[in-house]
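Novice: Could you work out the structure for the sequence below:
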Amino acid sequence: MWKDFNDLTIIPKEFTICGSSYKINVVESTKDIGDNLGRCSYLRHAIELAKTTEDEDGVLTIPCDEFAKTYLHELGHCFLDYYNNSNIEDREAFAQAFSNFMYEYLHTKNNEISS
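Specialist: Next up, the predicted model:
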């Protein structure tokens, strides 16, 4: 089971999907990736995640739970890139739903199987 909301072990350094290896790159700021918390690049085979952003009060570190959800959101985009994405009307809605479903699943699953 995923330990707690501050445990980011679900985020790998690299993974393979459909024969393509994707690297996870953590950047300092959302400014480095177009003011987004994360970005998935199908052609670069990479997911980028920002550690910080800025608001009216200054620099804000992305909380661990939001960082993990951002990773899962971008992973959802990655899956869509390999699944007939031209027929998906709202890619952002799918990625957000995938993120929230997986996040809750990882926090609530029980690793024990009873016989």
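Novice: can you give me the strands for the chain?
Specialist: Across the chain, reading from the start of the chain, the strands by DSSP state E fall at 14-17, 20-29, 38-41, 46-55, 58-61.
Novice: Deepest-packed of the ones you listed, please.
Specialist: Here the criterion is mean neighbour count by mean count of other CB atoms under 10 Å, and of these the winner is strand 38-41, at a mean of 21. In this view, the C-beta of every residue, glycine as well, is placed from N, C-alpha and C.
Novice: Can you list the strands that it pairs with?
Specialist: With DSSP bridges as the criterion, the sheet partners recorded for strand 38-41 are strand 46-55 (antiparallel).
Novice: Please work out the average pLDDT along the partner strand.
Specialist: Computed over strand 46-55, the mean pLDDT rounds to 96.
Novice: Could you tell me how far that strand lies from the centre of the chain?
Specialist: Averaging C-alpha coordinates over strand 46-55 and over its chain gives two centres that are 11 Å apart (CA atoms, centre = their mean, to the nearest Å).
Novice: repeat for stretch 74-92
Specialist: Computed by CA atoms, centre = their mean, the separation of stretch 74-92 from the middle of its chain amounts to 13 Å.
Novice: And for stretch 8-22?
Specialist: Computed by CA atoms, centre = their mean, the separation of stretch 8-22 from the middle of its chain amounts to 11 Å.
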